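Chemist: A structural model of the following input is requested.
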Amino acid sequence: MPYIKKDLRKDIDEIVDTYAYHLKADGQLNYFICKLFLKLTRVYGMKYSHAKRFIGELEMAKMEIYRRWVAPYEQQKMEENGDVE
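Modeler: You can find the predicted model right below:
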């Protein structure tokens with residue numbers, strides 16, 4: 001879950017605020033994520049357990065985004081436009 005303690009959010013929020021306008025979901029975000037992974041492997045070493053943890057974080061973020069924001073949006077559109085028959 002992304003619910004980290006508030007004192008840990010400040011630095012991350014500043015990074016997000018700075019780069020959110022530069023990253024789009026058309027390859028740039030993918031590039032950023034890959035570069036972040038490579039940087040982390042340089043800092044902490046390339047180990048299977050590190051890669052597994054990173055991929056797990058991505059999967060959990062994906063699921064959280066879907067659960068919190070995409071699913072309610074889909075539900076709203078289904079109610080507006082009707083369900084699949």
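
Chemist: what about this protein, any weak spots by pLDDT?
Modeler: 1 (pLDDT under 70).

Chemist: mind redoing it with 90?
Modeler: Scanning the chain for pLDDT under 90 picks out 1-3, 19-26, 85.

Chemist: who's in contact with the residue nearest the centre of the chain?
Modeler: When the chain is reduced to its mean C-alpha position, the closest residue under C-alpha atoms, centre = their mean turns out to be Ala61, at 4.6 Å. Neighbour list for Ala61: Pro2 [criterion: C-beta atoms under 8 Å, 6 or more residues apart in numbering]. C-beta: built from backbone N, CA, C; applies to glycine.

Chemist: Where does it sit, in terms of helix or strand?
Modeler: For Ala61, the host element (DSSP states H and E) is helix 48-65.

Chemist: And for Val84?
Modeler: Short version: Val84 belongs to no helix or strand, going by DSSP H and E.

Chemist: Quick check on it: phi, psi?
Modeler: phi -70, psi 130 (degrees, to the nearest 10).

Chemist: buried stuff in stretch 70-85?
Modeler: For stretch 70-85, a neighbour-count test (16 or more other C-beta atoms under 10 Å) marks nothing as buried.

Chemist: Pull the distance from it to the chain's centre.
Modeler: 24 Å (C-alpha atoms, centre = their mean, to the nearest Å).
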